[in-house]
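Q: quick one, structure for this:
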Amino acid sequence: MISPQKAFAILDELDYSKRVVELSLPEARNHILAETVFSPINMPPFRQATMDGFAVCLHNSLQYEIVDEVKAGDFYTSELKPGQAVKIFTGAAVPNSAQAVIQMEKVTVDDTNLLLQENINPETNVRQLGAQITKDAIALGEDTFLNPAAIGFLTGLGFTKVKVCQKPKVGIVVTGNELISAGENLTDGKVYESNAIMLQTALFGANFNVISNYRVNDDFENTKITLKNAINENDVVLVSGGISVGDYDFVGSALNALNVETLFYKVNQKPGKPLFAGKLGNKIIFALPGNPAASLTCFYVYVLPTLQKLSGFDAVYGSKLIKSLAHDFTVDNPRSQFLKASIIDDEVTVLPHQDSGMLNSFALANALVYVPNGNYQLLKGDKVSVYLI
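A: Okay, the predicted model is just below:
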């Protein structure tokens, strides 16, 4: 049995080489950019009015003659003479012969006569050619996270697709004779299976959307065949249950029969002691505990950083976030603990119902508090390591 820190170190040594794929911009959202992108145009591609008003060719008077109007999408090619103006709208191209735009609120209009309430300086209310970015400049650097603003920015530069770090396909294998689907009649000895949808929802929440589900009863041959198919069809496989040492826990022996290399098995932590991590070629397999809270804890602590690193994110194993404890807490456990908790007003409170099979407190949690094994007292205000969930 190894420590969580040793498990982190082992996972950190895996090959996280980028796998590059070209996607359309809508598909590329929430991916990591795999290349530096250069702007093919100036943005804006013309001098642009920043508000509704009048574009004026300046002269030594506050009086101007309105000779035309320019809507967004128009391009005015005539030459304005000093003392002439055109009505213009936000986003429209400012004529080259106009030096400034004065907003509607600062003028008086009488038919074609325009009277400014004050003098205006050149380039007022004019966004310059290439003010946002100039042609051939770096638009977004490699390793940029493509959030909605980034997608909008690239679309505004004329891009329709980009190269990104490919996200892994994830397979979820659920084992157990005692499991039935929600909605079925709950007979004696049976429980509703919840881990698959729980893990799938957690994956969706972290923007991993290519997911396949598998179900197998407690039978060695069927377990081996199902695991083989899941490993062949996915990049990362999450197995729920069947990894302990009971007479009907066949996951370990099936993985061994498939020549899956064990990275580690059993971690000195609570919940989640029977966690298994292995690999077969470039495929990664996690066998998670069957208890729901233990399974979800292991997902956030070990699986999610692995998926993020495979996707090009600068993820790390182990918590880097430190918060103050909102109350005293006694630690008395030979295993390190990941405790369901709630952060309120920058303080963290450990929640009740920490049992590995209980999800009711997990449903109220927005964090996990890590406390090393031992026998000691934590006091209100002490700093603790926290995982946001």
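Q: helices of this structure, residue ranges please.
A: The residue ranges that make up the helices of the chain, judged by DSSP state H, are 4-12, 25-28, 148-156, 195-205, 220-233, 251-257, 292-298, 304-310.
Q: list the contacts of the fourth one.
A: By Cβ atoms under 8 Å, 6 or more residues apart in numbering, the list of residues contacting helix 195-205 from outside reads 170, 172, 174, 209, 211, 213, 215, 238, 240-241, 288, 290, 292, 295-296, 299-300, 304, 307, 359. (Each C-beta comes from the backbone N, C-alpha and C, glycine too.)
Q: thinking again about what came up before, and the helices of the chain as CSV, adding mean neighbour count?
A: Formatted as CSV, those follow (neighbours: other Cβ atoms under 10 Å):
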stretch, mean neighbour count
helix 4-12, 17
helix 25-28, 16
helix 148-156, 15
helix 195-205, 17
helix 220-233, 18
helix 251-257, 20
helix 292-298, 25
helix 304-310, 21
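Q: select only the buried ones of the contacts of helix 195-205 in PyMOL?
A: In PyMOL, selecting the buried portion of those, with burial taken from 16 or more other Cβ atoms under 10 Å, looks like this:
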select buried, resi 170+172+174+211+238+240+241+288+290+292+295+296+299+300+304+307+359
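Q: okay, and which of the contacts of helix 195-205 map to strands?
A: Secondary structure from DSSP state E places 170, 172, 174, 211, 213, 215, 238, 240, 288 of these in strands.
Q: which among those residues gets closest to residue 272?
A: residue 288 (7.7 Å; Cβ to Cβ).
Q: the closest one contacts residue 301, correct?
A: No. Counting by Cβ atoms under 8 Å, residue 301 is not a contact partner of residue 288; they are 10.8 Å apart.
Q: shared neighbours of these two, which are they?
A: Counting by Cβ under 8 Å, 6+ apart, the contacts common to residue 288 and residue 301 are residue 272.
Q: on that earlier part again, as TSV, the ones in strands among the contacts of helix 195-205 with distance to residue 47 would be great.
A: TSV is the format used below for those (distance: Cβ to Cβ, whole Å):
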residue	distance to residue 47
170	49
172	55
174	61
211	49
213	56
215	63
238	55
240	60
288	59
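Q: now tabulate those in CSV and tack on distance to residue 161 and pLDDT.
A: Below are the ones in strands among the contacts of helix 195-205 laid out as CSV (distance: Cβ to Cβ, whole Å; pLDDT from 0 to 100):
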residue, distance to residue 161, pLDDT
170, 24, 98
172, 30, 96
174, 36, 89
211, 24, 96
213, 30, 93
215, 37, 88
238, 30, 98
240, 36, 89
288, 36, 94
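Q: out of the residues you listed, who's nearest residue 56?
A: Proximity of the ones in strands among the contacts of helix 195-205 to residue 56 (Cβ to Cβ) peaks at residue 211, which lies at 59.3 Å.
Q: now the closest one. Nearest residue, chain neighbours left out?
A: Counting by Cβ to Cβ, 6 or more residues apart in numbering, residue 170 is the residue found nearest to residue 211 once chain neighbours are left out, at 5.1 Å.
Q: next: residue 61.
A: For residue 61, the nearest residue in space outside its immediate sequence neighbours is residue 83; the separation is 6.6 Å by Cβ to Cβ, 6+ apart.
Q: tell me which of the helices of the chain sits nearest to residue 94.
A: Between residue 94 and these, the shortest separation by Cβ to Cβ is 18.8 Å, and it involves helix 148-156.
Q: off-centre distance for that closest one?
A: Its chain's C-alpha centre and that of helix 148-156 lie 16 Å apart, by Cα atoms, centre = their mean, to the nearest Å.
Q: counting by contacts, list what it packs against.
A: Of the remaining helices and strands, those touching helix 148-156 by 3 or more Cβ pairs under 8 Å, 6 or more residues apart in numbering; DSSP states H and E are helix 25-28, strand 138-140.
Q: which strands border the last one, and is each parallel or antiparallel?
A: It refers to strand 138-140. According to DSSP bridges, the neighbouring strands of strand 138-140, each with its direction, are strand 37-38 (antiparallel).
Q: run through who's touching the strand it pairs with.
A: Strand 37-38 is contacted from outside by 136-140, 154, 159, 162, using Cβ under 8 Å, 6+ apart.
Q: per-residue confidence averaged over it?
A: Throughout strand 37-38, pLDDT has a mean value of 98.
Q: for beta bridges, what are the partners of residue 93?
A: Residues found in beta-bridge contact with residue 93 (criterion: DSSP bridges) are residue 48.
Q: wait, it sits on residue 48?
A: Yes. Assessed by Cβ under 8 Å, residue 93 is found in contact with residue 48 at 6.6 Å.
Q: if I look at residue 334, how far off is residue 373?
A: Counting by Cβ to Cβ, to the nearest Å, the gap from residue 334 to residue 373 is 6 Å.
Q: count of neighbours near residue 161?
A: Residues within reach of residue 161, counting by other Cβ atoms under 10 Å, total 13.
Q: and the pLDDT at it?
A: Residue 161 carries a pLDDT score of 98 in this model.
Q: okay, it and residue 23: tell me how far apart.
A: Per Cβ to Cβ, residue 161 is found 6 Å from residue 23.
Q: kind regards, and thank you for your time.
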